[in-house]
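Student: Need the 3D shape of this:
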Amino acid sequence: MKILSKISKDDINILKSFQNPTDSVVLVFEGVCYAFDEDQFVKSVPVAPGSIEKKKDFWDYSKKKVLNDKLLHRVREFDSDRIRAINPAKIEKLKTFVKNPLFDEDKIANASTAAANLSKWIRAVVQTYDALLIVEPKKKELEKAESDLKSAEETLAVKQAALKEVMDLLAKLQSDYDTAKKEKEDLQAEVTTKLLIVLNYIFIIIYLKNSGNQM
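Tutor: Now for the predicted structure:
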């Protein structure tokens, strides 16, 4: 993503030096932890000194485990397969962050441009996840349609080959019939011709015999 090219190592070091980051910045890194599936590793601390109520300290965890030289590489390598693998419950969590007024880009940018760019990345992750929910089923439908078409084409090819065999057989039978018919007609013509010759010989013999008797 182009927005990530605007984040430098110096930006990360500056972020890491924040002692009391704004709630908006903290929310961004809480989102990063959820996206990286590391929220379960974040330790809980008292909301206030001596308080029984506790909350997860995402900023402390981020300074120790997220804000380092590997962050930009991790974000750049976060492809569609990794986005698809995010637990749906955590995506829903990210969606609540995106809708939170504290997640407003301008508010975040007032504290840190780098954090604002990371907030854009989180938005992109959520949008990509939702897009994949639409694209993946359509992709599977397309693959099934292509498979069905291929099967239909193969079936059609088989039937066309079988039809060709039948048509070739019919053509051969027709040819054999025509040949046999011609041979029959030729034979009949030959028989007729020879019969006429024989009859002609008989007439000649009878004629000669009758002529001899008259003499």
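Student: Which stretches in the protein count as helices?
Tutor: 9-16, 23-35, 58-61, 71-76, 80-84, 88-99, 105-111, 113-214 (DSSP state H).
Student: okay, the residue nearest to the spatial centre of the chain: pLDDT?
Tutor: Centroid-nearest residue in the chain: K139, 3.9 Å away (criterion: C-alpha atoms, centre = their mean). Looking at K139, its pLDDT is 71.
Student: from the helices of the chain, which stretch is densest packed?
Tutor: helix 23-35 (a mean of 23; mean count of other C-beta atoms under 10 Å). (Each C-beta comes from the backbone N, C-alpha and C, glycine too.)
Student: how big is the angle separating that one from helix 88-99?
Tutor: Calculated by axes from the mean of the first three to the mean of the last three C-alpha atoms, to 10 degrees, helix 23-35 forms an angle of 160 degrees with helix 88-99.
Student: start at 808 instead
Tutor: With 808 as the first residue, the last one maps to helix 830-842.
Student: what's helix 830-842 packed up against?
Tutor: helix 865-868, helix 895-906, helix 912-918, helix 920-1021 (3 or more C-beta pairs under 8 Å, 6 or more residues apart in numbering; DSSP states H and E).
Student: Can you say which of the ones you listed is nearest to S815?
Tutor: Closest approach to S815 among these (C-beta to C-beta): helix 920-1021, 7.9 Å.
Student: circling back to that earlier point, make CSV from the helices and strands packed on helix 830-842 and add distance to G838 to it.
Tutor: Listed next are these as CSV, based on distance: least, C-beta to C-beta, whole Å:
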stretch, distance to G838
helix 865-868, 9
helix 895-906, 5
helix 912-918, 11
helix 920-1021, 4
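Student: for stretch 883-901, the distance to its chain's centre please.
Tutor: In terms of C-alpha atoms, centre = their mean, to the nearest Å, the centre of stretch 883-901 is set 20 Å apart from its chain centre.
Student: between the helices and strands packed on helix 830-842, which one is nearest to G857?
Tutor: helix 865-868 (18.4 Å).
Student: who touches that closest one?
Tutor: Contact partners of helix 865-868, identified using C-beta atoms under 8 Å, 6 or more residues apart in numbering, comprise 825, 828, 832-833, 836-837, 840, 845-846, 848-850, 852.
Student: need those residues in a markdown table with distance to K966 and pLDDT, can you?
Tutor: Below are the contacts of helix 865-868 laid out as a markdown table (distance: C-beta to C-beta, whole Å; pLDDT from 0 to 100):
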| residue | distance to K966 | pLDDT |
| --- | --- | --- |
| F825 | 73 | 92 |
| P828 | 71 | 94 |
| V832 | 68 | 96 |
| V833 | 68 | 96 |
| F836 | 63 | 96 |
| E837 | 62 | 97 |
| C840 | 60 | 97 |
| E845 | 58 | 96 |
| D846 | 59 | 95 |
| F848 | 62 | 95 |
| V849 | 64 | 95 |
| K850 | 69 | 95 |
| V852 | 73 | 91 |
